[in-house]
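1. Next one to model:
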Amino acid sequence: MISGGGNTGTTGSGIWMRSAIRVQDCLISGFAEDGIRILARATGGASTLGNANLWYLENVTCEKNGANGLHVNLADSNVGVCVNGNFRLNGRWGVYDSGTFGNTYIGCHTAGNGTTTGGGNQAGEGALVEQGGNRYSAHIGASEADLVATTPGTDETVWILSETGGPSSSIPTWLAAQPEGTYFHGGAYATDGSSNNCVFLGCYREGSQGISQVTDPSIVIGGMFGNNRGVFGTQLRGRDWVGRLKFHNDETFFQTPANTLTLLINDDADALIKAKAEGDDVAGFQLLHFHSSDGYYIIGKHGTSNSSLPLWITTNLTTTKAGRASKLIGGKALFAQGVWIGSSVNNVRQHSNGNSVPSSGEYARGDITWHRDPTAGGPLGWVCVTAGSPGTWVEIRGTGTQTSGTNQTALTNSTGGTRDGTLAVVGDTSTVDQSAVINDNLTELHTLLDEMRTTLVNFGLMKGSV
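-> Numbers count the residues shown, from 1 in each chain. This is a model prediction of the structure:
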């Protein structure tokens, strides 16, 4: 046991490593600063000069220290391992790693760190406070000035919602207008640094202390890390996923306990993410696939066939023109297998396109095939009116509203026609005004009917007068 006398001073740590040493089966308690401090740099000043890379801790307990149970920092404090460390009731963090390249923590435990009763903190002080029936942890990036000026629950970059609950003997209610230093960051585990690749494997955090705040690119695997709102790095936990993750060659798998679903990441060429359900008779459902030959991202490829590719996303590598003079730009969504539209999955209908009525396949009443290359006056598409294979289809045409050409003169407004003894051929009424020709023909027919009536009356075959 190494004792600091009850953290009554202002400086001093239990062990300060500046070289790679091994500490086992040791209790370190009551120091004003850190229980174990690992701060070393080969080019540092007198107090930090050294190289502590490859440090090792096993079965150590650091408790009731004024700052952190374990604090790691500077450029040559990397590639260390802590196994079965117990860090409790320290004034700030159980484990605070702000080193350069990362260390590994296996099966460690934290409790009561950063609370009013931890490491000589006074009543009303702490890294975990209560406000309005909730408890909030001080954000590791917030200043002590921010912490006394910002009401918990109003800004998550200052106070992070951690758990429900009221105040207690170790968790004070947040009060406004307190002096700086009343509130500070602290809690279970913390990392910072853009290149600090720490690994926490199977570590445990008790409740009622500041939440862990682990930043990217550090990783948490398994264990009971508690509230993960402060974990900004990668977290892989069976508790969240109810499954397990496997790494094999270049493949990454996730499987549920009963193996009913497998998730594969980058398991073969161009397949970025693939899911395989137990009993599925194809190679799997590719959630995201890159079609390198055509320059598309494909969402939802089912199996290996290119005939089952529902959604294509174009990129700047895409060469498809889709009936245009130039190729499509990136970011366009293409539904190459048609679109299914409805108010629920049970009443959707298919919309696709083609140049004729479908001749094969099963269709439901209400399915629509739009004409891919429509022409003026031709059908816009076809709608299935009787379900079947392929069912009964009728044309979809416009409402009769003219969209191009000249406006036509109504026949009722015409001034009549001119008789010339012949019937003229009526041309295309959609683009040319044919009212004069039609009226001329009506005049010819009227004259001929009059002549026919006169003949029938003269022969007594029709009543009336000539």
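2. contact partners of the one helix or strand Cys82 maps to?
-> Cys82 is part of strand 81-83, with elements assigned from DSSP states H and E. Contacts of strand 81-83 with the rest of the structure, by CB atoms under 8 Å, 6 or more residues apart in numbering, involve 55-60, 70, 95, 103-108. (C-beta placed from N, C-alpha, C; glycine too.)
3. If we go by neighbour counts, what in it is buried?
-> For strand 81-83, the neighbour count (16 or more other CB atoms under 10 Å) marks Cys82, Val83 as buried.
4. partners of it, with directions?
-> strand 56-63 (parallel), strand 104-106 (parallel) (DSSP bridges).
5. before we move on, the earlier item: now restrict the contacts of strand 81-83 to buried residues only.
-> By 16+ other CB under 10 Å, the contacts of strand 81-83 give Trp55, Leu57, Val60, Leu70, Val95, Asn103, Tyr105, Ile106, Gly107, Cys108 as buried.
6. Dump the residues you listed to TSV, plus distance to Asp450 and pLDDT.
-> TSV is the format used below for these (distance: CB to CB, whole Å; pLDDT from 0 to 100):
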residue	distance to Asp450	pLDDT
Trp55	120	98
Leu57	120	98
Val60	122	98
Leu70	117	98
Val95	112	98
Asn103	112	97
Tyr105	111	97
Ile106	112	97
Gly107	113	96
Cys108	113	97
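7. quick one: which of the residues you listed is nearest to Leu317?
-> Asn103 (41.7 Å; CB to CB).
8. Give me the neighbour count for the nearest residue to that closest one once chain neighbours are set aside.
-> In this structure, Asn103 finds its nearest non-sequential neighbour in Gly80, 4.2 Å apart by CB to CB, 6 or more residues apart in numbering. Neighbour count of Gly80, defined by other CB atoms under 10 Å: 23.
9. dump the residue contacts of Ser194.
-> So Ser194 contacts Pro217 (CB under 8 Å, 6+ apart).
10. Which helix or which strand is home to it?
-> Secondary structure from DSSP H and E places Ser194 outside every helix and strand.
11. Look at it and report its pLDDT.
-> pLDDT recorded at Ser194 is 87.
12. care to break the chain down by domain?
-> 2-241, 245-334, 339-396, 413-458 (automatic domain parsing).
13. Deepest in the core, which of these is it.
-> Between these, domain 2-241 has the highest mean count of neighbours, a mean of 20, where neighbours are mean count of other CB atoms under 10 Å.
14. roughly how far out does that one sit from the chain middle?
-> Between the mean C-alpha location of domain 2-241 and the chain-wide mean there is a distance of 31 Å, by CA atoms, centre = their mean, to the nearest Å.
15. Kindly report the same for stretch 372-389.
-> That offset, for stretch 372-389, works out to 38 Å (CA atoms, centre = their mean).
16. Excluding chain neighbours, give the residue nearest to Trp174 in space.
-> Going by CB to CB, 6+ apart, Trp174 has Val129 as its nearest residue, at 4.1 Å.
17. which SSE is that neighbour in?
-> strand 128-131.
18. Let's see that strand as CSV, backbone CA atoms only.
-> Extracted C-alpha coordinates of strand 128-131, given in CSV (Å, rounded to 0.1, in the frame of the first residue of the first chain):
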residue,chain,number,x,y,z
LEU,A,128,-22.2,15.1,-11.8
VAL,A,129,-25.0,17.4,-10.8
GLU,A,130,-28.8,17.2,-10.5
GLN,A,131,-31.2,19.6,-12.2
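19. Tell me the helices and strands packed up against that strand.
-> On a contact count with 3 or more CB pairs under 8 Å, 6 or more residues apart in numbering; DSSP states H and E, strand 128-131 meets strand 134-138, strand 159-164.
20. Let's see that with 6 Å instead.
-> Applying 3 or more CB pairs under 6 Å, 6 or more residues apart in numbering; DSSP states H and E, one finds that strand 128-131 contacts strand 134-138.
21. so where's the stretch 151-300 of the chain shaky on pLDDT?
-> In the predicted model, the stretch 151-300 of the chain carries pLDDT under 70 at residues 226-287, 289, 300.
22. Helices along that one, start to end?
-> In the stretch 151-300 of the chain, the helices defined using DSSP state H, counting those that start in this stretch lie at 238-241.
23. re earlier: after the strand holding Cys82, which helix or strand is next?
-> Next along from strand 81-83, by DSSP H and E: strand 86-88.
24. Contacts for that next one, please.
-> Thr61, Cys62, Glu63, Gly69, Gly94, Val95, His109, Thr110, Ala111, Gly112 (CB atoms under 6 Å, 6 or more residues apart in numbering).
25. doesn't Ser29 make contact with the second one?
-> No - counting by CB atoms under 6 Å, Cys62 does not reach Ser29; the two are 7.4 Å apart.
26. contacting residues around Thr116?
-> Per CB under 6 Å, 6+ apart, neighbours of Thr116: Ala123, Glu125, Gly126, Ser170, Pro172.
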